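Colleague: whatever this is, show me its structure:
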Amino acid sequence: MPTLSPDQLAAKIEAYQMLASCTYDPLRYTRMVFPWGEPGELERFSGPHDWQVDILSTIRDHLKNKATRYTPLRISVASGHGIGKSALVAMIAKWGLGTCDDAKIVCTANTKSQLETKTSPELGKWFRLAVDAQEWDVKTLSITSKSPGSEKTWRMDLIPWSENNPEAFAGLHNQGRLIILIFDEASSIAKNIWETAQGALTDENTIIIWLAFGNPTQNTGNFRECFGKSKHRWLNRQIDSRTVPGTNKTEIESWVNDYGEDSDFVRVRVKGEFPRAGSTQFIPSDAVAKCRQLIAEGFETLPKIMAIDVARFGDDQSVIGIRQGRKARILKKLRGKDTVEVAQFAIDEINREKPDAIVVDGDGLGAGVVDALKHRGLSNVHEFHGGETAEDSAKYFNRRAEVWGMARDWLVAGGDLPDDPELETDLTGVQYGFSNKQQIQLEKKEDMKARGVASPDLGDMFAMTFAVKMVLPPAEARKEEIEHRLSLAKDANAKMIEEQKIILEERKQPKTYRIKPYRFGRRG
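Modeller: Numbering: from 1, shown residues only. Predicted coordinates:
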């Protein structure tokens, strides 16, 4: 570390003293500690966004008032995407650690991945930009003071919540100092974690701030109650992404055009409003988990429906699968294959399985596979277009939403699903809302990718098996064929049993041995 001149040292001490004087003013601290407007990452910004200023000012006013200072402050923010929640978390964390010795801050989110890939990098960025960056040891899941002997008491920890381990939040006490508890993606945090966190609010003469941020994805649960029956305990804010600088207004406008201004998709992802439905997850996780354990019986006489989902992007995969009544199977997962190769793999499976119907996603690259199969003389190929009008257009926005709806009904009723975690992720990862005509509307694959969720290729394949309805004759024909095969197998089995009886009878008979005389002679 370079040696400072007396003037530089005096200036540094004065700056630190000014920062330390902001114990009750996180807005002033934030404006002072970061290099706003200077060349680099913040040169285009003169300070925090307006909504961030509002939250920081709310904290300041609460703390400067002696009557409220030691009363727990609860702030809940429901918002659309991209407004800078993680940046505000970093600003508040930097203020808390920077102005209060032995401050304790805990941040939790739905998954460890969320903390490691989104929250932690944003914290690292802002702590690196701060004027006192060298005073902090920033790691992936913790930030601690470098002051000797303070690493255990003066810190911020990022802890993924676990419904089976709520005790991780039970011991958050820091009598007489500062506690900040942050819930990121608050809609997904379980009830018992919220209840356990209440225990952190009991320390006397302690500054306690509880922040809950998230997209309002569920219409029930504790985060929703912050804006409902518990709103008298929380200061609420709902932030529309369109009002915040730096959000992708073009993309947001395309969402509004695609889904409708009053759709649940736009309500949740843009307006920061809670959906009309109970949850935006289209297929319940418990239904899929149950189906992974079920074993179907009596499906052999039912029509076989094969589906082929063809990859559109480099990191997606083409998938071939089949469903026969209550039995579903995955036949092939293919990556890095062109349409000619996918068609050949499909033909191999068709020859092996002899399906009654073949459904192929005909949008984009899938059209090439459709043409290749039809060129081979296959007459039972059905081209699927998800954007077409649904048969039940009063209920579903388009055909894709409709087949997913039938797949959901199948799963809820119970079926034999492959024990494949990738398939479960695909089926439970898709979210939905309602169009302005109150039709069920699934989010687009591109929007799933934008929120860090992979394209549901396996899920789309499974859903497409519901795109055709088979009449009974093929099933009856298969029944006759199966009965014929069973008859042949029964005859073969009876014959084998008779042969086994003969062998056993022969073994019971006494055996005699004849010894041939040995002839002596010369070799050759």
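
Colleague: shaky segments in the stretch 151-300 of the chain?
Modeller: Filtered on pLDDT under 70, the stretch 151-300 of the chain yields the residue ranges 164-165, 167-171, 277-279.

Colleague: that one: strands as residue ranges?
Modeller: 155-158, 178-183, 207-214, 235-239 (DSSP state E, counting those that start in this stretch).

Colleague: tell me which element the residue nearest to Phe282 when sequence neighbours are not counted is part of?
Modeller: Counting by Cβ to Cβ, 6 or more residues apart in numbering, Phe282 lies nearest to Tyr432, which is 4.4 Å off, once chain neighbours are set aside. From N, CA and C alone the C-beta is placed, and that goes for glycine too. Tyr432 belongs to strand 432-434 when assigned by DSSP states H and E.

Colleague: for that strand, packing partners?
Modeller: Here strand 432-434 touches helix 264-266, strand 440-442, going by 3 or more Cβ pairs under 8 Å, 6 or more residues apart in numbering; DSSP states H and E.

Colleague: could I get these as TSV with distance to Ala372?
Modeller: Output for those, formatted as TSV (distance: least, Cβ to Cβ, whole Å):
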stretch	distance to Ala372
helix 264-266	35
strand 440-442	28
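
Colleague: could you dump those to a markdown table with distance to Lys191 and mean neighbour count?
Modeller: Output for the helices and strands packed on strand 432-434, formatted as a markdown table (distance: least, Cβ to Cβ, whole Å; neighbours: other Cβ atoms under 10 Å):
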| stretch | distance to Lys191 | mean neighbour count |
| --- | --- | --- |
| helix 264-266 | 23 | 24 |
| strand 440-442 | 27 | 23 |
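
Colleague: mind checking the ones you listed for the one nearest to Lys327?
Modeller: In terms of Cβ to Cβ, the element of those nearest to Lys327 is strand 440-442, at 25.0 Å.

Colleague: which residues touch the closest one?
Modeller: 259, 263-265, 282, 395-398, 400-401, 404-405, 430-435 (Cβ atoms under 8 Å, 6 or more residues apart in numbering).

Colleague: repeat that for 10 Å
Modeller: By Cβ atoms under 10 Å, 6 or more residues apart in numbering, the surrounding residues in contact with strand 440-442 are 258-260, 263-265, 277, 282, 386, 390, 392, 395-398, 400-402, 404-405, 408, 430-435, 448, 456, 463.

Colleague: which among the residues you listed count as buried?
Modeller: 258-260, 263-265, 282, 386, 390, 396-398, 400-402, 404-405, 408, 430-435, 448, 456, 463 (16 or more other Cβ atoms under 10 Å).

Colleague: which residue ranges of the stretch 401-524 of the chain form helices?
Modeller: Ranges of helices in the stretch 401-524 of the chain, per DSSP state H, counting those that start in this stretch, are 421-429, 445-450, 457-464, 472-508.

Colleague: for the residue nearest to Glu443 when sequence neighbours are not counted, give me its contacts.
Modeller: Spatial nearest neighbour of Glu443, excluding adjacent residues (Cβ to Cβ, 6+ apart): Gln431 at 5.1 Å. Neighbouring residues of Gln431 by Cβ under 10 Å, 6+ apart: 217, 264-265, 268-269, 275, 279-282, 442-443, 447-448, 451, 453.

Colleague: could you do Leu331 as well?
Modeller: Contacts of Leu331 were listed using Cβ under 10 Å, 6+ apart, and they are 306-308, 319-322, 345-346, 348-350, 352-353, 461.

Colleague: going through these, which ones are buried?
Modeller: By neighbour count, with 16+ other Cβ under 10 Å, the contacts of Leu331 hold 306-308, 319-322, 345-346, 349-350, 353, 461 as buried.

Colleague: how about CSV for those, with secondary structure added?
Modeller: Converted to CSV, the buried ones among the contacts of Leu331 look like this (DSSP: H, G, I helix; E, B strand; the rest coil):
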residue, secondary structure
Met306, strand
Ala307, strand
Ile308, strand
Val319, strand
Ile320, strand
Gly321, strand
Ile322, strand
Phe345, helix
Ala346, helix
Glu349, helix
Ile350, helix
Glu353, helix
Met461, helix
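
Colleague: ok, those vs Pro35, which is closest?
Modeller: Within those, proximity to Pro35 (Cβ to Cβ) peaks at Val319, which comes in at 49.4 Å.

Colleague: what pLDDT does the spatially closest residue to the closest one that is not a sequence neighbour get?
Modeller: Among residues not flanking Val319 along the chain, Met461 sits closest, at 4.2 Å (Cβ to Cβ, 6+ apart). Per-residue confidence (pLDDT) for Met461: 96.

Colleague: same check, this time on the one 3 residues further on
Modeller: Per-residue pLDDT puts Met464 at 97.

Colleague: number of nearby residues for it?
Modeller: Neighbour count of Met464, defined by other Cβ atoms under 10 Å: 28.

Colleague: tell me how far it lies from Arg69.
Modeller: Distance from Met464 to Arg69, counting by Cβ to Cβ, to the nearest Å: 60 Å.

Colleague: before we move on, what about Thr202?
Modeller: As defined by Cβ to Cβ, Thr202 lies at a distance of 16 Å from Arg69.

Colleague: next one: Asp286
Modeller: 45 Å.

Colleague: the two - which one has more neighbours?
Modeller: More crowded of Asp286 and Arg69, by other Cβ under 10 Å: Arg69, with 15 against 11.

Colleague: where in the stretch 301-450 of the chain is pLDDT low?
Modeller: Scanning the stretch 301-450 of the chain for pLDDT under 70 picks out 312-315.

Colleague: Leu56 in helix, strand or coil?
Modeller: Per three-state DSSP, the secondary structure class of Leu56 is helix.

Colleague: do Ser120 as well
Modeller: Assigned with three-state DSSP, Ser120 falls in the helix class.

Colleague: same question, Met91
Modeller: Here Met91 is recorded as helix under three-state DSSP.

Colleague: quick check: buried residues in stretch 64-72?
Modeller: Neighbour counts over stretch 64-72 (16+ other Cβ under 10 Å) mark Pro72 as buried.

Colleague: neighbouring contacts of it?
Modeller: 23-25, 61-63, 176, 179, 181, 198, 200-210, 233.

Colleague: and the residue lying closest to Lys104 once chain neighbours are set aside, how far from Thr206?
Modeller: Nearest residue to Lys104, sequence neighbours excluded (Cβ to Cβ, 6+ apart): Asn174, at 4.4 Å. Distance, Asn174 to Thr206, by Cβ to Cβ: 6 Å.

Colleague: overlap in contacts of the two?
Modeller: Counting by Cβ under 10 Å, 6+ apart, the contacts common to Asn174 and Thr206 are 104, 200.

Colleague: CA atoms of stretch 411-430 as CSV?
Modeller: The C-alpha coordinates for stretch 411-430 follow below in CSV (Å, rounded to 0.1, in the frame of the first residue of the first chain):
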residue,chain,number,x,y,z
LEU,A,411,-50.0,-34.8,-14.2
VAL,A,412,-52.4,-33.6,-11.5
ALA,A,413,-54.6,-36.7,-12.1
GLY,A,414,-51.5,-38.9,-11.9
GLY,A,415,-49.4,-40.6,-14.5
ASP,A,416,-46.1,-42.6,-15.0
LEU,A,417,-43.5,-39.9,-15.7
PRO,A,418,-39.8,-40.7,-16.3
ASP,A,419,-37.8,-40.2,-13.1
ASP,A,420,-35.8,-37.4,-14.8
PRO,A,421,-34.9,-34.2,-12.8
GLU,A,422,-34.4,-32.3,-16.0
LEU,A,423,-37.9,-33.1,-17.1
GLU,A,424,-39.2,-32.0,-13.7
THR,A,425,-37.4,-28.7,-14.0
ASP,A,426,-38.8,-28.1,-17.4
LEU,A,427,-42.4,-28.8,-16.4
THR,A,428,-42.3,-26.7,-13.2
GLY,A,429,-40.2,-23.8,-14.6
VAL,A,430,-42.9,-22.4,-16.9
